[in-house]
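Participant: Below are the sequence and a predicted model for it; my questions follow.
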Amino acid sequence: MLSSRPATEVREPGESAMPGTHPVPAWLRLFRSELRLVFGRPRNLALLGVLVVIPVFLGIVLRLTINANSSAGPGGPAFLNQLAGNGVFLTLVVLSLMLVLVLPLVIAVVAGDSIAGEANMGTLRGLLTVPAGRTRLLAVKYAAIVVFSFASCLLVACVSLIMGLILFHTGPVTLLSGTTVPLANGVLRVLVVAIYAAVAMAAVGAIGLAASTFTQHPVGAIAGILVVVIGSEIADQVPQLSGIHPILPSHFWLAWGGLFRAPIDTSGIQHGLLSSALYIVIFGAIAWARLTSADVTS
Amino acid sequence: MQSPEDEVSFGRAAGRADDSGHGGRADNSGRADDAVQVFDPSYALVTRGLSKRFRNGQLAVDTLDLQVPAGSVYGFLGPNGSGKTTTIRLLLGLIQPTAGRHQLLGFPMPEGQTEALARVGSLVEGPAFYPHLSGRGNLARLDAADRTASPATAPARIEQALHRVGLLAAADKKYKAYSLGMKQRLAIATSLLRPRELVILDEPTNGLDPQGTREVRSLIRHIAADGATVFVSSHLLAEVEQICTHVGVMRSGRLVFSGPLSQLRGGGTSRVLVRTSQPELAAKVLNDLGLAEIRQDGQEVTADLGTLQPEFICERLVYGGVPVAGLDTPKRSLEDEFVELTGEGFDVEQ
């Protein structure tokens, strides 16, 4: 009776599965499906829309309130004082403002939803019985979160760059150390900051992925990530806790000031990349350990 | 055809490609109870002492020994809360057993689940899909997750699966706009995306109207006719009676019956029922014939049929002067058997 099966794509029973014999590798197919799901979701598109609106809004407000001769004074966001001199710095101002809450929130929504959302809808059991493979599904989910992190940070950077170049002075960029570099060099440094921010957000995404494997309620996972992020930022402001500052996830998020000095000081972002990598490894491992052993009862 | 090592190995036997063992319709009477795990390729699904105790202490499935013959349509019956869905989750590797093990299509689980589950279509606890995707989009998503499915044939296979469940017209409608019946049919379509050797359906007619129920029954018959073993859980007896060749009955996490449907129905002794205006006389004739358990209820007299033919009883009644208005040999209904096995009432026993 098995011989009566249609002779399309199937293997004969007893043969091993043959992934990779198709023109499109199977993992790429699932990854593309995941990207379509994440980027096709109206809610996530709305979040990306917010990431466009905020830089535009900030750019206009700052343009209207700053003139070339005034200084923002102490206490303002980093690089605000440089903004009047060169529009490139708008990206840095916007990123340092949005890294506090908006970008972590956007990543938290996508990451917190990744597994918990599927569990909540019941689609997780469908995927697992396909079988998608728990480790494979987790890897693809995280890859999509990383892509979303990069998309978010680069979107913010590009919109701010365009706004900065439209609204403010352009030309050779005067660095914090007083040296002047060509505009292209300045733009390049800004893009490095955006990529650095994306790596930091990918670490937030790893925390979110782990949180997402512990609950069937995406909102719970999202709230959990935000508690970690905000808690970390508050702890980072308390001098008495300086001993734990280097291990806080948010501690190095704004540590890219050295990129705008000559010679370039990369020690800040090196620490930051190490911190992000550790968070990604640790929380990735937690997510893996949890998902591969969890009972799926949703 | 089976070498001795195959007989004692826990795993898909090396000679699995030899399908001559398929289609065997054995009941579980030949079950081996010894410690060595013996698996017969004529079973699509075998469990050994499979148990699940949830963290809250509830023993949802209790040392389940299930054997589903290859090629059968196996009705998995039980009142709500008797452990059917938990069993199905265990079978599909969604939850881990606290004791015991099982095999799907000869593959040990969970080690062989990648191999096994690709050959298994399933519907667990109702349909679940992405609300913002269309029916077609949802099937494409699941197919993309299948690392052994060919992307080249995906559109055609999705089209065919939608066609088989009659959803082609609504294929591009968003899932959230589907009616319950359409959702259920889309769920069945997922198990039709590829040819399957085993299809596990958990309450596939839940929430369907009578037409929908009929369609699902006909789909199940077609799936079985294509050569797949079908394992279908239900608490609807009529459904099981109409499509199943074999039945397993659960009660409070335990399997209280497993075997061919005919065995379940033949379980009780047949009765003969005589409708007459003179029940006393009829009872006397039946008594003279040596029938046991004679009961009189108004104008009806019933007795155990024993080995006698109803025609013979009728003849003797008429000969004895009983005005026979009607004579019947009512079959014990499946519901009688079911209630006998699972206890009165469909309530949850804990």
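Facilitator: All right, it came through fine.
Participant: closest point of the stretch 1-150 of chain A to chain B, which residue?
Facilitator: The nearest approach of the stretch 1-150 of chain A to chain B comes at residue A:122, 2.7 Å away (Cβ to the nearest Cβ). Heads up, the C-betas are built off the backbone N, CA and C, glycines and all.
Participant: OK, contacts around residue 231?
Facilitator: Since no chain was named, I'll use chain A. Counting by Cβ atoms under 8 Å, 6 or more residues apart in numbering or on different chains, residue A:231 touches no other residue.
Participant: Please refer instead to chain B.
Facilitator: Contact partners of residue B:231, counting by Cβ under 8 Å, 6+ apart, are B:44-45, B:68, B:74, B:76, B:88, B:91, B:198-201.
Participant: ok, now residue A:288?
Facilitator: By Cβ under 8 Å, 6+ apart, the neighbours of residue A:288 are A:135, A:138.
Participant: you'd agree it is in a strand?
Facilitator: No: counting by DSSP: H, G, I helix; E, B strand; the rest coil, residue A:288 is not part of a strand but helix.
Participant: what's the burial count for residue B:99?
Facilitator: Neighbour count for residue B:99, taken as other Cβ atoms under 10 Å in any protein chain shown: 14.
Participant: now it, which residues is it bridged with?
Facilitator: Beta-bridge pairing for residue B:99 (DSSP bridges): residue B:51.
Participant: That one and residue A:134, how far apart?
Facilitator: The gap separating residue B:99 from residue A:134 is 22 Å, by Cβ to Cβ, to the nearest Å.
Participant: re earlier: the residue of the stretch 1-150 of chain A closest to chain B and residue A:216 touch, don't they?
Facilitator: No: using Cβ atoms under 8 Å, residue A:122 is not in contact with residue A:216; the gap is 9.4 Å.
Participant: what do those two both touch?
Facilitator: The contact sets of residue A:122 and residue A:216 overlap at residue A:298 (Cβ under 8 Å, 6+ apart).
Participant: so residue 283 is in which element?
Facilitator: Picked chain A for this. Assigned by DSSP states H and E, residue A:283 belongs to helix A:267-293.
Participant: nope, chain B
Facilitator: Residue B:283 belongs to helix B:279-288 when assigned by DSSP H and E.
Participant: and that helix, which residues are buried?
Facilitator: Buried residues in helix B:279-288, defined by neighbour count with 16 or more other Cβ atoms under 10 Å in any protein chain shown: B:279, B:281-283, B:285-286.
Participant: of those, closest to chain A?
Facilitator: Checking the buried residues of helix B:279-288 one by one against chain A (Cβ to the nearest Cβ), the nearest turns out to be residue B:286, at 47.7 Å.
Participant: Skip the chain neighbours and tell me the closest residue to the residue nearest the centre of chain A.
Facilitator: Residue closest to the mean C-alpha point of chain A, counted by Cα atoms, centre = their mean, is residue A:149 at 2.5 Å. Excluding the flanking residues, the one nearest residue A:149 by Cβ to Cβ, 6 or more residues apart in numbering or on different chains is residue A:201, at 4.0 Å.
Participant: Check the burial of that neighbour by counting its neighbours.
Facilitator: Residues lying near residue A:201 (other Cβ under 10 Å) number 28.
Participant: need the contact list for it.
Facilitator: Shown in contact with residue A:201 (Cβ under 8 Å, 6+ apart): A:103-104, A:107, A:149, A:152-153.
Participant: TSV for those residues, including secondary structure?
Facilitator: What follows is the contacts of residue A:201, written out as TSV (three-state DSSP):
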residue	secondary structure
A:103	helix
A:104	helix
A:107	helix
A:149	helix
A:152	helix
A:153	helix
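Participant: TSV for these, including pLDDT and distance to residue A:251?
Facilitator: Formatted as TSV, these follow (pLDDT from 0 to 100; distance: Cβ to Cβ, whole Å):
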residue	pLDDT	distance to residue A:251
A:103	96	16
A:104	96	14
A:107	96	17
A:149	97	18
A:152	96	21
A:153	96	18
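Participant: Greatest separation within these: which pair is it?
Facilitator: Maximum pairwise distance among the contacts of residue A:201 (Cβ to Cβ): 11.2 Å, between A:104 and A:153.
Participant: all strands of chain A, in order?
Facilitator: Here chain A has its strands, by DSSP state E, at A:173-174, A:180-181.
Participant: Select, out of these, the one closest to chain B.
Facilitator: Per Cβ to the nearest Cβ, nearest to chain B of the strands of chain A: strand A:173-174, 43.9 Å.
Participant: That closest one - what's its average pLDDT?
Facilitator: Here strand A:173-174 scores 86 as its mean pLDDT.
Participant: that's a helix at residue B:233, yeah?
Facilitator: No: checked against three-state DSSP, residue B:233 lies outside a helix; its state is strand.
Participant: How about the contacts made by it?
Facilitator: If you count contacts by Cβ under 8 Å, 6+ apart, residue B:233 has them with B:75-78, B:84-85, B:87-88, B:201-203.
Participant: So residue B:230 versus residue B:161, what's the distance?
Facilitator: Counting by Cβ to Cβ, the gap from residue B:230 to residue B:161 is 16 Å.
Participant: Between the two, which has more neighbouring residues?
Facilitator: Per other Cβ under 10 Å, whichever of residue B:230 and residue B:161 has more neighbours is residue B:230, with 28 against 25.
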